[in-house]
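S.K.: no sequence on this one, just coordinates:
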């Protein structure tokens, strides 16, 4: 999977938009980030429900890893794009989108 394929899958979800967070792309729904691309775009991140994260990490530990620290304990999951199966990434993005879209609308990102 490439960064462009990750981007296309993320933006294919209803209401998803691309913005920027800490100088790299993120994907939002209702102003909530559900996924990002790393600064070098070799990896992505999806914010998953803990149980979904645990299942993916167990099944494909070379592809999915919890992010470090508190973010990872709260469901932030790193996706190694070069080895990521498209179907599993699509499913992970959808789970992250569903979690973010179920929240009340957040604040829009600050203007630069």
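M.R.: Done, it's in. Bear in mind that the values here come from a model prediction, so they are computed numbers and not experimental data. Numbers count the residues shown, from 1 in each chain.
S.K.: Any idea what residue 35 is bridged to?
M.R.: residue 27, residue 46 (DSSP bridges).
S.K.: Now do the contacts for residue 52.
M.R.: By CB atoms under 8 Å, 6 or more residues apart in numbering, the contact list for residue 52 reads 75, 92, 95. No exception for glycine: its C-beta is placed from N, CA and C like everyone else's.
S.K.: give me the number of residues near the first one?
M.R.: By the criterion of other CB atoms under 10 Å, residue 75 has 20 neighbours.
S.K.: these two touch, right, it and residue 54?
M.R.: No - with contacts counted by CB atoms under 8 Å, residue 75 stays clear of residue 54, the gap being 9.6 Å.
S.K.: what comes up buried for the longest helix that the chain contains?
M.R.: When the chain is parsed with DSSP state H, its longest helix is helix 86-101. Buried residues in helix 86-101, counted by 16 or more other CB atoms under 10 Å: 88-90, 92-97, 99-101.
S.K.: Go through those and name the one nearest residue 69.
M.R.: Nearest to residue 69 among these: residue 96, at 18.5 Å, using CB to CB.
S.K.: for the one helix or strand in the chain whose mean pLDDT sits lowest, packing partners?
M.R.: Ranking every helix and strand in the chain by mean pLDDT, DSSP states H and E puts strand 17-21 at the bottom, with a mean of 90. With contacts taken as 3 or more CB pairs under 8 Å, 6 or more residues apart in numbering; DSSP states H and E, strand 17-21 sits against helix 3-11, strand 24-29.
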